[in-house]
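Visitor: Could you look at this predicted model? Sequence included:
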Amino acid sequence: MKLFNYFRSSASYRVRIALELKGLAYDYVPVHLVRAEHRSPEHAARSGDALVPALETEDGQVLVQSMAIIEYLDETHPEPPLLPADALGRARVRALAQMIACEIHPVNNLRVLRHLTQTLGLSEDAKTGWYHHWTRSGLEAFERQLALLAASRADAGLPPSQFCWGDTPTLADCCLVPQIFNARRFAVPLDGLPLTLAACEAASALPAFQRAHPGACPDHEA
């Protein structure tokens, strides 16, 4: 397989985590977002959406959108599973993942932040304020959801979750760790989020997450 990605891209980071958790070998193909390499005719012809990540499978099929790619990997390489075996558990994990991938990430990715400054003329301070507002409010919602799920598990007689849901990393953790990485880059206040940070730290301690870290990528820049 080939993964076309950028080391700082949250969506790319998610897929790298999933590949590492599954123990799947892949060729790392850097696509530099800041240099607009994703807009090249070659990459656009490959991926359609001209974004990263894009995964080229063993048989030459190209998949886009991180959530779809991760679920494809989970279906084609089911061990270890990234979604629970039960329908309710899968719904819980997908909801947590989508709170990040659909609610937080879209309004604070690079192309949105660039539009704020380059097209709408916002100052760097205003752009940073935008990022802080949407990231912080989204993570506060995530924390509330984790608290509700913790209460639900307690009522059902289940042990507390070590990760976002349960005692193994899931799709939700694949999304959470990159979002916290970016939040720390932009100095978003993370106080008052004990469940969120505990899940993030538990996942970040695993070798698979460490191998997928932006700092471990061949195209890493300080």
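Guide: Thanks, I have the structure now. What you see is a predicted model, and the numbers here were worked out from it, not measured in a lab.
Visitor: make it CA atoms for all contacts and neighbour counts henceforth
Guide: Will do.
Visitor: Just say helix, strand or coil for L3.
Guide: The three-state assignment at L3 reads strand, by DSSP: H, G, I helix; E, B strand; the rest coil.
Visitor: how far away is it from R14?
Guide: Computed with C-alpha to C-alpha, to the nearest Å, the distance linking L3 and R14 is 12 Å.
Visitor: what's the answer for E37, then?
Guide: On the measure of C-alpha to C-alpha, E37 and R14 end up 20 Å apart.
Visitor: and those two? which has more neighbours close in?
Guide: A direct count of neighbours by other C-alpha atoms under 10 Å for E37 and R14 places R14 higher, at 28 against 17.
Visitor: hang on, the more buried one packs against C174?
Guide: Yes - here R14 reaches C174: they are 4.9 Å apart, a contact under C-alpha atoms under 8 Å.
Visitor: residues in contact with P189?
Guide: Shown here is P189, whose contacts under the criterion C-alpha atoms under 8 Å, 6 or more residues apart in numbering are 132, 136.
Visitor: Could you tell me what pLDDT the model assigned to it?
Guide: You'll see P189 listed with a pLDDT of 97.
Visitor: Am I right that it is in a strand?
Guide: No - read with three-state DSSP, P189 is coil and lies in no strand.
Visitor: Now do the same for I180: helix, strand or coil?
Guide: The three-state assignment at I180 reads helix, by three-state DSSP.
Visitor: I'd like to know how far it sits from A101.
Guide: Between I180 and A101 the distance, using C-alpha to C-alpha, works out to 12 Å.
Visitor: What is the neighbour count of the nearest residue to H32 once chain neighbours are set aside?
Guide: For H32, ignoring the flanking residues on the chain, the nearest one in space by C-alpha to C-alpha, 6 or more residues apart in numbering is Y6 at 5.7 Å. Other residues lying near Y6 total 27 when counted by other C-alpha under 10 Å.
Visitor: Who are the contact partners of Y6?
Guide: Y6 sits next to 12, 30-33, 52-53, 219 when contact means C-alpha under 8 Å, 6+ apart.
Visitor: quick one, phi/psi of it?
Guide: For Y6, the backbone dihedrals (degrees, to the nearest 10) come out as phi -120, psi 140.
Visitor: same question for stretch 137-157, mean pLDDT?
Guide: Mean pLDDT, taken over the full extent of stretch 137-157, equals 97.
Visitor: Distance of E143 relative to A126?
Guide: Between E143 and A126 the distance is 26 Å, computed by C-alpha to C-alpha.
Visitor: More neighbours: which of those two?
Guide: With neighbours defined as other C-alpha under 10 Å, E143 and A126 compare such that E143 has more, 19 against 13.
Visitor: tell me which element that one falls in.
Guide: With secondary structure defined by DSSP states H and E, E143 is part of helix 124-155.
Visitor: do the same with H43
Guide: If you go by DSSP H and E, H43 is part of helix 41-47.
Visitor: Name the next helix or strand following that helix along the chain.
Guide: Taking DSSP H and E as the definition, the helix or strand that follows helix 41-47 towards the C-terminus is strand 54-56.
Visitor: center of this protein - which residue?
Guide: Central residue of the chain (C-alpha atoms, centre = their mean): C175, 3.1 Å from the mean position.
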